[in-house]
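K.L.:
Predicted model and sequence follow; I will ask about them next.
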Amino acid sequence: MILHRTVRFSINPDHNQTGTNGYNARPSMSGLGRYYELTLSCSGNPDPQTGYLVDIHTLDRVARDHLIPVIARVCDTSPEIEPASLMPELWERAKANLAQPLTAITFALTPATTLTMNTDTSTDAVILRQRYEFSASHRLHTDHLDAETNRRVFGKCNNPNGHGHNYRVEPAIMIPIGEHPQPSTIDAAVEETIINQLDHKHLNADCPAFDQALGGVMPSVENIARFCFEQLHPRIRTLTEGATLLGVTVWETDRTSCTYPAPTL
């Protein structure tokens with residue numbers, strides 16, 4: 001099994017290290033600080049007596065004693081540094097101070113942007129995930145079924161005039177250390193290949209890929225995720241040497257999402 005532990009913290013201009021609210025941040029925010037999250041993931045079998053894979057306080061101590069000081073130092077001395085370049089040192093420090101096998105470290109730079117280093121990437125690459133949004137309407141209806149069956153299968157989603165969602169889309173891009181593209185270039189790629197095609201559109205009527213009269217597929221969240229991946233994949237490969245789109249996750253609502261291709265874990 002894999003255990004995940006998230007540590008929330010602020011890097012403050014006055015180097016305030018006080019605070020007990022670990023849910024919010026410890027150290028807590030002081031002045032115009034920087035808020036981050038680190039998630040450590042370990043794998044193995046739990047102890048048969050305690051039921052613990054690893055004491056979460058151990059993970060907290062490793063993050064606070066060995067990883068956060070690295071981030072704080074760089075915030076002071078080199079705030080312009082590419083965050084991905086910190087990941088190998090964070091990985092090695094965490095690995096050296098944990099008895100259990102380290103599976104992954106995720107560094108949340110913002111609520112919508114994360115960097116992950118795991119046992120597949122090792123210290124050679126990071127996985128960048130960044131979220132975007134678009135609004136669109138669609139109708140779930142197929143000509144392969146009669147009207148009554150469409151209504152029974154798709155329910156309210158078969159409304160003849162369609163219905164809308166505020167979609168979120170998150171590409172997962174593997175990027176070699178030292179070849180990190182500027183965030184603006186990734187933003188532009190997603191804008192050009194996904195947002196411009198889908199945002200404020202009626203997917204069935206405005207997007208040929210989802211127009212069944214033109215040979216398109218029904219705009220289910222599953223098919224939208226596949227479409228986003230297929231549109232973005234060749235564009236990501238042009239951003240920097242070795243960049244690879246691993247997958248795209250699309251949220252239709254906060255309770256329904258689909259990832260294409262399916263991740264291995």
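P.N.:
Structure received.

K.L.:
which residues touch residue 218?
P.N.:
Shown in contact with residue 218 (C-beta atoms under 8 Å, 6 or more residues apart in numbering): 140-142, 210, 212. C-beta here means a position set from N, CA and C on the backbone, and glycine is covered the same way.

K.L.:
likewise residue 107?
P.N.:
Residue 107 touches 36-38, 83, 86-87, 90, 114-116, counting by C-beta under 8 Å, 6+ apart.

K.L.:
I only care about the residues you listed that end up buried; give me the ChimeraX line for that.
P.N.:
The buried residues among the contacts of residue 107 can be selected in ChimeraX (16 or more other C-beta atoms under 10 Å) with this line:
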select :36,37,38,83,86,87,90,114,115,116
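
K.L.:
so which of the contacts of residue 107 comes closest to residue 64?
P.N.:
Relative to residue 64, the closest of the contacts of residue 107 is residue 38; by C-beta to C-beta it sits at 9.3 Å.

K.L.:
Next secondary structure after the helix or strand residue 57 falls within?
P.N.:
With secondary structure defined by DSSP states H and E, residue 57 is part of helix 56-62. Note on helix 56-62: by DSSP H and E, the next helix or strand toward the C-terminus is helix 68-77.

K.L.:
between the contacts of residue 218, which is closest to residue 125?
P.N.:
residue 210 (33.6 Å).

K.L.:
mind listing what the closest residue to the closest one other than its chain neighbours touches?
P.N.:
Spatially, and ignoring its direct neighbours in sequence, residue 210 is nearest to residue 219 (4.0 Å; C-beta to C-beta, 6 or more residues apart in numbering). Residue 219 makes contact with 138-140, 203-204, 207, 210, according to C-beta under 8 Å, 6+ apart.

K.L.:
And residue 219, how close does it get to residue 71?
P.N.:
42 Å (C-beta to C-beta, to the nearest Å).

K.L.:
One more: residue 138?
P.N.:
Taken as C-beta to C-beta, the span from residue 138 to residue 71 is 42 Å.
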